[in-house]
Structures are given as structure tokens and as C-alpha cells.
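J.: Generate coordinates for the sequence data below:
(4 chains)
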There are 2 protein chains.
Amino acid sequence: MKMEKETTIYDIAKQLNISPATVSRALNDHPAINIDTKKVIISKAKELGYRTNIFASNLRRKKTNTIGVIVPRLNSYFMSTVLAGMEKVANEASYNLIIAQSLESVKKEMANVKTMFNSHVDGLLVSLSYDTENLDHFEPLIKKGVPILFFDRVLTHKKCTSIVIDNLKAGYEATNHLIAQGCKHIMHITGNLQRNVYQDRLKGYRLALAESGLHYCEELVRTTDFSYQSVNEMVQYLTSLKPVPDAIFITNDFYAAHCIVALKQAGFSIPEDIAIVGFNDDPIAMVVEPNLTTVRYHGQEMGEVAAKSLINHLNEQSSIKDTNAIILHSELVVRASSLKGKST
Amino acid sequence: MKMEKETTIYDIAKQLNISPATVSRALNDHPAINIDTKKVIISKAKELGYRTNIFASNLRRKKTNTIGVIVPRLNSYFMSTVLAGMEKVANEASYNLIIAQSLESVKKEMANVKTMFNSHVDGLLVSLSYDTENLDHFEPLIKKGVPILFFDRVLTHKKCTSIVIDNLKAGYEATNHLIAQGCKHIMHITGNLQRNVYQDRLKGYRLALAESGLHYCEELVRTTDFSYQSVNEMVQYLTSLKPVPDAIFITNDFYAAHCIVALKQAGFSIPEDIAIVGFNDDPIAMVVEPNLTTVRYHGQEMGEVAAKSLINHLNEQSSIKDTNAIILHSELVVRASSLKGKST
DNA sequence: ACAACAAATGCAACCGATTGCATAAATATT
DNA sequence: AATATTTATGCAATCGGTTGCATTTGTTGT
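T.: Okay, the predicted model is just below:
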């Protein structure tokens, strides 16, 4: 392996008989440098295969052009879509993304934060793990003035901005839709209620029930980790209820799809016997039969907005300091899984 | 925002009345430093909230502990799973991952490579874009001695290692399985044949046909970009063939699932009229009805192996220089979508 | 022709950690 | 006790850009 030696601005300077400072300025398009000088320097740089040593540069400028991202999991449709959005924006603004996953554990999340801290990220984008209870582990970064922006799964912090959808409204609309279909015994399957997303959707569910004079019933609300393994148990539970629910609002499309499969296997018709509404508009929603009614919110957009807000803040083109929350749009997409016939 | 000033080894040195060199060595657990001195230094470092300035460190050591990853898309089940595997391994070895997506375009891929180049990644993990035709744009990195490892969608290069599955064998087995079900007119829907993965699967398909004395027929092989929009057109095409194929081997589960949906809508029964085999074992395979027979290969494992190989090489614990290719395991998972009854 | 000013370039310190070599202190050897 | 060895620490150069300030060169005005 014949490694070529790196060329530096000093090499360029020497060859052109000028000072390194001029080279540096020329390469950074500094206005004080003569345009012809610039041209010569730039062409020489190209000739020598020069690339800036960002470490020297970062060291001096105390900026890394790197954004850290911590997500519960990389490999969910929603998250990977969010990341795709972030990557796009970051790339365009010539920021790098360092991505880490907490695998739904606070412990790993804390380690990730520490890594990000040591990597001197300019800012941080975070969606919290399943069991994160507070934001204490982010304090070191906050103290150093590193801006942190939470998205989707958030906790509020007076110095951080959150990007979310209106989960309460989404839950409300989903439930209302089921009520409008004539359902009376609406079950709700959701995740850890400590997470805002699930908590708020539950609130929306309850609000819709209350408004329609339907009784809220604890045994109709179940939480799960959305693992594939737990589907059967859940279906067993709900089909043994009396009466069996005539609708289920499930805050996860993947889980909802598998519930549909299991329920059909158990002899129920969807949506006639049980109407189903999911959440996230995962591609799976268009494949499961009947197609799944779900709440769509655009992961790509959330990623783009998150990254853009952070980068604008870093470039001081705008500040997110006093923006407490950014609420993105979501909508109920009605498909066959929740459409009962004309009458109840 | 009250930014605390960063503490440096000089601050620690001054407070303890020792030299920065000693502090540096102590923090790096250098054997020449007295254990008590180390203890004092480390506790002082903790007290002051010290964190190493990796830029200074990288600048000096000419190593970044960063691995670049370029993938066609972040948001596919397979890729995000691969990335999850890479992240896990990298994190454990305290490497950072910089992730970029080419969005299936060489042009973007070239830009990504340039970014990685300038970011001074220690190594690069790449899965090629849809229309990449050669590896010229990687040469600058190769010349600098940066190891590059291609995975899944690869091109061979004498200085780079590839990590793949045996696509020929997988295609062969998938096709053979359909033949064993009694299918005579087996269609093959696949991607850009310039990509090894599709090319090899086609070879396997042809081999299986040939071995069984079945005629290879060009009109039964179609390439697509696997976009959702193109499904209907494709189904229209294949159902107008005479005779209509009695089986399809589709190298993408997502596409296969939608084909099943469309074919059922068009009045065909799956698998009785048309048997289907997909590729990748996407979660969608377990939801579509009938469940999809597919080739499973473990993305997480591929990611882990790729990252581990590269990191071992970087740490000089082993060299991938003379390893040309690493072949991972894959297997046909038979489900209902391809199981015809007893007889043909 | 000379002051006043603008434009272009250079000087040198600086960012913070690392490391080869020298040195001081402590311990072992004879 | 004097010398050899080991152990622990310090000195100072180095990595490669960046940037405030000084300097040189060039232009304009009168």
C-alpha cells in the first residue's frame, strides 16, 4: 500500500512562493484575496490533490460541522425515513451526521450521549428510548451550550425544542372515526405511557370517548412493546373480553397488521366484526388485507424539519432557543380496515 | 446561554502543578505513569468536566475513529437493518459512523465519496447505487490507503473486499423450488442487471431452468426499479402473456407483496394460478396473504460482519487486504405463496 | 509629487493533545 | 558509597489551518 503523503497548505504555499495564510484565505474564498491569486492557488491545490485537514480546522475554529442523532432503533420504517430526511438536509448544508441507536434502553442512551459529548457534536437530535424517565444525562451537553432538539418521542425541557405531531388530536380523530363507524367498544393498544406520543394519543382516545358519551374502560386499554411475539397473547386477551371489542385503535401499523392477520385466523372479519385503525402509515398498511386505516405523518418531513431547525440555529440564521415546540401535520388515512357498511 | 469554558489538559496540569504531558499520558493510561498520579489526575479531570478534544487528538495521531457508510437508501428494511448491525459493532469498538445515502444515483454517490474523503474517514463501507458503473470515484481514497469494503451491491476491485451472499445459489434455489412445485412458465422480475445481486440471481434462475430442461425465454425476464407505481403496469404485462406465467420469482419482497395484491385483484389465486417467491424476508412477507416465500439473508449480520472486518483491519488485528470476498449465508424460507397442492 | 487611503499579502500566535528524547528521582547492584 | 537500572516526569516540537494585526503595494485625489 503506497500511501501518498497528504499535501498541506504549506506545500502549496511553498510551491507558489506565497504564505500559508494567503493559501488558507484563498481556499476559503476570503474577499481580501486577489481573484487571480485565488485561481492559481485553487488550481495548484487541485493538482496536488489537496484536501483540508478538518481536524486542524475544527481545532482552530471550535466547530465540528457534525450533528449527532440518537434514535431508539435504526431499522423501523418510520425512523429510517426520518433519518433519510435528516441526512438529506444535513448533507446539503455540508454537515455530517453521527448516528447512534439506544435500542430502547436508557442505559445505552446515556452511553450514546457521552459518545456524542466526546465527539463534540455541534448539536444533537434525539428521539427518546422506551424507558427514559428524565433528561438528566443531557445536562452536560446543555451546560456546554450544545443545542438539543427532541423529535417524536420527547420530554420537555426549558432549554430544548421539541418536534412532534399533535398526538392528542391524532388519537382523537382516529377514535372519533371509529365512533362514527358505529363502534361502541373501542379498544386501544399502545406503548409505554410514559412516552408523550402514547400518552397523548390515549388522551385523545379518552376525549373522543367522553365527547360521545362512551364509557372509558380500563380493560380496553393495553400497553405492549409491539413485539411480534406478543401479538397472539394480545389477540387471545381481547377476544376473550365480553363483549369482544368492535374496534381497536393500535398505535403501530406493524402490530396492527399482525393483529389483523391473527384476528382473521381466529375467525373474525375485519372490519365487520372488528374495525382497526393503526398509526404511522407504514408501507405494510397497503399490503395487509383489508388495507389498514392509519394516521399518516411524514417521517421524511419530520427529519428534514428537525435537521433544518438545528442547522439554522447553529448558523445563527434563526434561533430555536425560545421555540418550545414545533408541531407537524398529521392526518387520518381511511382505508378498508375500519369501514363498516352503511349501518352499524 | 452560559457556556462553560472547555477544560484542557493544561488546566488540569496547572491545578495539579504537573506537566501537560503527564496528564495526557495518565488519561491514556500510559504504563510509565505512577498509578497514584493517575488517580489524582483522573479524579481532577472528572471534577473539571474534562473531555478530550478529539480534533487536537486526531490532528496529532492522524486517525479519526470514524467510519463512513454510503448506502443507496436509508429507509428500506434491509438497509436499516444492516446499518443497525454496523452501528452496534462500531459503537462497541468506539468508532463513529458517518452515514450518507446516494439515493440510487452515481452523481450523489460521488459527492458522498468526496465528503467522506474530506472527513478523513478511517475506512469506508459502501453499497453501490443503482446506476454506478465503475469504481473510479473511489480511487482517491484507495490511493490514500483508506480501506474500502463493499457489501451487498458490489463491484470487484483488486484492492477491496466484498461482502455478499451467494446470489447465484439463492436464485437457483428459489427457481428450483418453483420448478419442484410443478411450475413450467416461471417469470423473473428483478432490478438493474448491472448490479451483481440481480445479475447473479438471474444466472441462478437460468441455471435452474437449464438443469430442468426448461426453456429460457426473454419475455419472462423483466427489470424494474421496484417502485410502487410500476406494479400495475407489470401485472398488466405479465397477465397478458400467453400463456400466463404459473410462477414469478421477484427479487424484492415489497414489490412481490404488491404484485400479489394486484394479481389477486385481477382475479388470480396465489399460489394456485401463480406461485410467488420474493427476496429478503422483509417483515411484509409475514403479513401479505398468502405469506410470502422468500430468500432470507440477515441484514444485521451483514452489517456486523462488514463493520467488524473493517475495524479489525484498521486495528491491524487482521488484514482484509487479501480477502477478496466474504460470502454470507442465505436460505429459502418456504411459505404459502409458493406451495401448490399435491399435484400440478 | 505627496499625502491619504484601499487592496493584497505576510507574520506569528494559537487551537489542544501527543510523543521522542532528556532528565530527575528512586531503587537495585556490586 | 558509587554506579547501574528502573521508574516517573518534564521539555519542546509537532500536527495543519485560522486569524488579528502589521506591512507592502497600488490607487486616488489635489
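J.: Which positions in the stretch 1-150 of chain A make contact with DNA strand C?
T.: Contact residues, the stretch 1-150 of chain A versus DNA strand C (C-beta under 7 Å from any atom of the strand): A:17-22, A:25, A:32-35, A:37, A:56, A:59-60, A:62. (Each C-beta comes from the backbone N, C-alpha and C, glycine too.)
J.: Just the buried ones out of those residues, please.
T.: Among these, the ones that count as buried by 16 or more other C-beta atoms under 10 Å in any protein chain shown are A:22, A:25, A:33, A:59.
J.: give the contact list for the third one.
T.: Taking C-beta atoms under 8 Å, 6 or more residues apart in numbering or on different chains as the contact definition, residue A:33 lies against A:22, A:25, A:26.
J.: does the last one count as helix, strand or coil?
T.: Assigned by DSSP: H, G, I helix; E, B strand; the rest coil, the conformation of residue A:26 is helix.
J.: so it sits right up against residue A:43, yeah?
T.: No - under the criterion of C-beta atoms under 8 Å, residue A:26 makes no contact with residue A:43, lying 10.7 Å away.
J.: neighbour-wise, which of the two wins?
T.: residue A:26 (25 against 10; other C-beta atoms under 10 Å in any protein chain shown).
J.: Which residue, other than its chain neighbours, is closest to the more buried one?
T.: Of all residues not flanking residue A:26 in the chain, residue A:41 sits nearest, at 4.1 Å (C-beta to C-beta, 6 or more residues apart in numbering or on different chains).
J.: any idea which element the one you found lies in?
T.: Assigned by DSSP states H and E, residue A:41 belongs to helix A:35-48.
J.: near DNA strand D at all, that helix?
T.: No - contact of helix A:35-48 with DNA strand D (C-beta under 7 Å from any atom of the strand) is absent, the minimum separation being 9.4 Å.
J.: and the next helix or strand after that helix, what's its mean pLDDT?
T.: The helix or strand immediately downstream of helix A:35-48 is helix A:54-61, counting by DSSP H and E. Computed over helix A:54-61, the mean pLDDT rounds to 87.
J.: Can you report how many residues neighbour residue A:114?
T.: 14.
J.: least trustworthy position among the residues of the stretch 1-150 of chain A next to DNA strand C, going by pLDDT?
T.: Within these, residue A:62 has the lowest pLDDT, namely 83.
J.: from what I can see residue A:291 touches residue A:282, true?
T.: No - the pair residue A:291 / residue A:282 is not scored as a contact, 11.8 Å apart, by C-beta under 8 Å.
J.: Which one's more surrounded, the two?
T.: Counting neighbours by other C-beta under 10 Å for residue A:291 and for residue A:282 shows that residue A:282 has the greater number, 26 against 20.
J.: residues contacting the more buried one?
T.: Residue A:282 makes contact with A:77, A:78, A:253, A:254, A:257, A:294, according to C-beta under 8 Å, 6+ apart.
J.: ok, so of the residues of the stretch 1-150 of chain A next to DNA strand C, who is nearest residue B:179?
T.: residue A:56 (62.1 Å; C-beta to C-beta).
J.: Quick check, that closest one in contact with residue B:59.
T.: Yes - between residue A:56 and residue B:59 there is a contact at 5.3 Å, judged by C-beta under 8 Å.
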